[in-house]
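Novice: Here is my input; please provide its structure:
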Amino acid sequence: MRLKEERSRKVLAGKKFKKEAEFDENPQEKDANSTSILQGVKLASTAKGSSRGMKNKGFSLAMKFAFFISIVAASLCLVAELVVYFQIKDTLLKEIDRKGTALVRSVGSLAEQYYNQNEEYQELLLKAKGENKEEDIKKYQTKKQENVEKFSKYLENMVVMQDDASEILNITFLVNVVGLPVLQAGTHRASEIRGHEENLIVRSQGQWVESNIKMIQGEISTEKGKVGIRAYRLPLLEKKLEAFVMLSAQGIEDTTDAVLKNILITAVIAILLGTIISLFLARQVTQPVRQLMRDIEIISKGNLSHKTIPTSTDEIGLLAHTFNIMTQNLKSAHETELENKAREHEMKIATEIQSNLLPGQVPQIAGYDIASYYNPSKEVGGDYYDFIEIGPDHIGFIVADVSGKSIPGSMVMTMTRALIRMEALRNASPGKTFLEVNRILAKDITKGMFVTAMYCILEISTGNLILSSAGHNPAIVWKAKNQKNFLVNPKGMALGLDKGIIFEKTIREEKVVLERGDRVVLYTDGVPEAMSPQKEEFGDDRFLDIIARESRQSADHLVQSIVHDLVQWKGSGPQSDDITIVSFGRK
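Specialist: Numbering: from 1, shown residues only. Predicted coordinates:
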């Protein structure tokens, strides 16, 4: 039968013990403590760096608020207008590129006509020269010259077709053919440009693609200074011809300069308006803060009954309301301080009680090997174990688990230990000892509070062991002869749950004979229920395996092996319950 099946018969409950220790208090010390918070407030009000009597050496909150709002307003305005500025500039550049593209294509069309007509006249002229027709020679030479003059006129007419945003500065037919003159019109030449060339990106069928037009972005020098330009080159007829157009970007620069000027003016106006508005708003916000500062100064002088009056329902009003709550908390803080000190005092006493209850040392008995281990999960635990000498040939071993902690648990533990020791000295039966202890304990313990215990009495000379359980974990007996563990769990219920009738009917005893090499392990539920970081219990099987593996060794070695495996199992996680182990065996 597994340990969990045995422990399922335990009754679990837990309430505070109603009888707590009462301690005398020094009235003078209490009065001093009751004013420690107030003394701290007064000390803070007079300390160096306190707000009382200090002047603001930096900018006021209103000025900081106004400055911040002004900067934010100006920044937002500036960012918005810069976005508009760059959008306008981009739109104007796209427009001049669109015009330049259309114009250079038109010029390219004229250049092809100019080239084709010249080629036609050149063939006729060569034919006339071959036939020595002087009249035809003069005729075609005149035609060629008229063709040059006609297209030169076209270029001049195109130059005057301009607008304010993009003045046409130059149109040129660049010709790489011998005998065909280069035609150009305009006030400036391509050689004057200082800039860089790149392929023009145009939109075609909804997508941006590179065109065969080269765009030159740069500047030229004029009488008025340097002027920005955008020029366009279009190679034609396998680069025999090239159309060239130069447009002025001065109109774009003038427009963008005007926009930038308006942006700066608007930013200045935004800063001024933001400053004025933010100063007004800051005053509305900081006025309640100043009033709150005056109230704080009154509190700092020691008047904890003073209350500030909220003047609004916004955050400042909430701050004033919170400040009133804080002053009330200050008034009650000294009571909390006293309670904490009383609790610390109780914990100290409970620790001292528990340290006095546990055995100072393990008894040394010839022919037997005894060891123990105790580790509370908190500062004051609820486990208890003891060794009780009952005459020259008998010794008692008890392990108990009290449901309460701290002072209540210590008081119950003290009562239980005293009653068991008293009854054990006049009663060699563990079951009858439990009966007598329960009759007294059940009357004085709070309902629902209880003590589980395993008590066994060993006859040293014979190895006879009588065990009785008050709803506790079973004792584990390792028999050397069989090389296996046996669980001994006499029927019984926890001490304090029943005043006598049911308890007397359920309590039983069992007898075990310890032979040489046999070992007994008593423990509390903190051992098998120890938790790993993954919230998994140590379990009965692991516990029993350790006992079976290490029982051939000494009692101390066995206990330390159990503790070592528990520590490894727990890892970095917290200890969930008190751990108590008592082991004894016959050599």
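
Novice: Helices of the protein, start to end?
Specialist: Under the criterion DSSP state H, the chain carries helices at the ranges 3-7, 27-34, 36-46, 61-131, 134-160, 250-300, 315-357, 406-425, 430-444, 501-506, 540-550, 555-570.

Novice: CSV for these, including mean pLDDT, distance to Asn375 and mean neighbour count?
Specialist: No exception for glycine: its C-beta is placed from N, CA and C like everyone else's. Shown next, in CSV, are the helices of the chain (pLDDT from 0 to 100; distance: least, CB to CB, whole Å; neighbours: other CB atoms under 10 Å):
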stretch, mean pLDDT, distance to Asn375, mean neighbour count
helix 3-7, 46, 20, 16
helix 27-34, 44, 35, 12
helix 36-46, 60, 37, 14
helix 61-131, 81, 57, 16
helix 134-160, 82, 103, 15
helix 250-300, 79, 48, 15
helix 315-357, 77, 12, 14
helix 406-425, 87, 16, 21
helix 430-444, 93, 26, 20
helix 501-506, 92, 30, 14
helix 540-550, 95, 16, 17
helix 555-570, 96, 8, 17
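
Novice: Which one, of those helices, ends up nearest to Ala530?
Specialist: Ala530 lies closest to helix 555-570 among the helices of the chain, at 5.2 Å (CB to CB).

Novice: ok so, going back, okay, the helices of the chain in JSON lines with distance to Ile388 next?
Specialist: Below are the helices of the chain laid out as JSON lines (distance: least, CB to CB, whole Å):
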{"stretch": "helix 3-7", "distance to Ile388": "24"}
{"stretch": "helix 27-34", "distance to Ile388": "41"}
{"stretch": "helix 36-46", "distance to Ile388": "48"}
{"stretch": "helix 61-131", "distance to Ile388": "75"}
{"stretch": "helix 134-160", "distance to Ile388": "125"}
{"stretch": "helix 250-300", "distance to Ile388": "62"}
{"stretch": "helix 315-357", "distance to Ile388": "13"}
{"stretch": "helix 406-425", "distance to Ile388": "5"}
{"stretch": "helix 430-444", "distance to Ile388": "10"}
{"stretch": "helix 501-506", "distance to Ile388": "21"}
{"stretch": "helix 540-550", "distance to Ile388": "24"}
{"stretch": "helix 555-570", "distance to Ile388": "18"}
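
Novice: Out of those, the one nearest Ile398 is which?
Specialist: Nearest to Ile398, of the helices of the chain and by CB to CB, is helix 406-425 at 6.3 Å.

Novice: Figure out how far that closest one is from the centre of its chain.
Specialist: Centroid separation between helix 406-425 and its chain, computed with CA atoms, centre = their mean, to the nearest Å, is 49 Å.

Novice: Alpha carbons of that helix, as PDB, please.
Specialist: Below are the C-alpha coordinates for helix 406-425, written out as PDB (Å, rounded to 0.1, in the frame of the first residue of the first chain):
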ATOM      1  CA  SER A 406       3.800  31.300  14.600                       C
ATOM      2  CA  ILE A 407       2.600  32.000  18.200                       C
ATOM      3  CA  PRO A 408      -0.600  29.900  17.900                       C
ATOM      4  CA  GLY A 409       1.300  26.900  16.500                       C
ATOM      5  CA  SER A 410       4.100  27.300  19.100                       C
ATOM      6  CA  MET A 411       1.500  27.400  22.000                       C
ATOM      7  CA  VAL A 412      -0.200  24.300  20.700                       C
ATOM      8  CA  MET A 413       3.200  22.600  20.200                       C
ATOM      9  CA  THR A 414       4.200  23.600  23.700                       C
ATOM     10  CA  MET A 415       1.000  22.200  25.200                       C
ATOM     11  CA  THR A 416       1.300  19.000  23.100                       C
ATOM     12  CA  ARG A 417       4.900  18.400  24.100                       C
ATOM     13  CA  ALA A 418       4.200  19.000  27.800                       C
ATOM     14  CA  LEU A 419       1.200  16.700  27.900                       C
ATOM     15  CA  ILE A 420       3.000  13.900  26.000                       C
ATOM     16  CA  ARG A 421       6.100  14.100  28.200                       C
ATOM     17  CA  MET A 422       3.900  14.100  31.300                       C
ATOM     18  CA  GLU A 423       1.800  11.100  30.200                       C
ATOM     19  CA  ALA A 424       4.800   9.200  28.800                       C
ATOM     20  CA  LEU A 425       6.600   9.100  32.100                       C
END
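
Novice: looking just at contacts, which helices and strands does it meet?
Specialist: Contact analysis of helix 406-425 by 3 or more CB pairs under 8 Å, 6 or more residues apart in numbering; DSSP states H and E lists helix 315-357, strand 383-389, strand 394-402, helix 430-444, strand 451-459 as its packing neighbours.

Novice: how close does Val160 get to Glu352?
Specialist: Distance, Val160 to Glu352, by CB to CB, to the nearest Å: 113 Å.

Novice: likewise Lys261?
Specialist: 87 Å.

Novice: just Lys139 next, same as before
Specialist: Using CB to CB, we find Lys139 at a distance of 137 Å from Glu352.

Novice: got it, and Asp518?
Specialist: 37 Å.

Novice: do the same with Tyr523
Specialist: Computed with CB to CB, the distance linking Tyr523 and Glu352 is 25 Å.

Novice: Identify the residues contacting Gly585.
Specialist: 368-369, 478, 514, 517-520, 551, 555 (CB atoms under 8 Å, 6 or more residues apart in numbering).

Novice: Buried ones only from the residues you listed, please, as a ChimeraX command.
Specialist: Selection of the buried residues among those in ChimeraX, burial being defined by 16 or more other CB atoms under 10 Å:
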select :368,369,478,514,518,519,520,551,555
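
Novice: Using TSV, lay out the contacts of Gly585 together with distance to Ala418.
Specialist: Formatted as TSV, these follow (distance: CB to CB, whole Å):
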residue	distance to Ala418
Tyr368	26
Asp369	29
Trp478	32
Leu514	29
Gly517	36
Asp518	32
Arg519	30
Val520	25
Ser551	33
Ala555	27
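
Novice: Return the member of the contacts of Gly585 nearest to Phe68.
Specialist: Nearest member of those to Phe68, counting by CB to CB, is Ala555, at 75.4 Å.

Novice: Going by neighbour count, list what's buried in stretch 188-207.
Specialist: Neighbour counts over stretch 188-207 (16+ other CB under 10 Å) mark 188, 190, 192-193, 200, 202 as buried.

Novice: For it, list the C-alpha coordinates in PDB.
Specialist: Coordinates of the C-alpha atoms in stretch 188-207 are reproduced here as PDB (Å, rounded to 0.1, in the frame of the first residue of the first chain):
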ATOM      1  CA  HIS A 188      23.100  80.500 -73.400                       C
ATOM      2  CA  ARG A 189      25.000  77.500 -74.700                       C
ATOM      3  CA  ALA A 190      25.300  74.000 -73.400                       C
ATOM      4  CA  SER A 191      29.000  74.400 -72.700                       C
ATOM      5  CA  GLU A 192      28.100  76.900 -69.900                       C
ATOM      6  CA  ILE A 193      26.400  74.300 -67.800                       C
ATOM      7  CA  ARG A 194      28.000  73.100 -64.500                       C
ATOM      8  CA  GLY A 195      26.200  70.100 -63.100                       C
ATOM      9  CA  HIS A 196      25.600  66.400 -63.400                       C
ATOM     10  CA  GLU A 197      23.800  64.200 -65.900                       C
ATOM     11  CA  GLU A 198      21.400  61.300 -65.300                       C
ATOM     12  CA  ASN A 199      18.800  59.200 -67.100                       C
ATOM     13  CA  LEU A 200      15.400  60.800 -66.800                       C
ATOM     14  CA  ILE A 201      12.800  58.700 -65.000                       C
ATOM     15  CA  VAL A 202       9.400  59.000 -66.600                       C
ATOM     16  CA  ARG A 203       6.000  57.400 -65.900                       C
ATOM     17  CA  SER A 204       4.800  54.900 -68.400                       C
ATOM     18  CA  GLN A 205       1.700  52.700 -68.100                       C
ATOM     19  CA  GLY A 206       1.500  53.400 -64.400                       C
ATOM     20  CA  GLN A 207       5.200  52.600 -63.700                       C
END
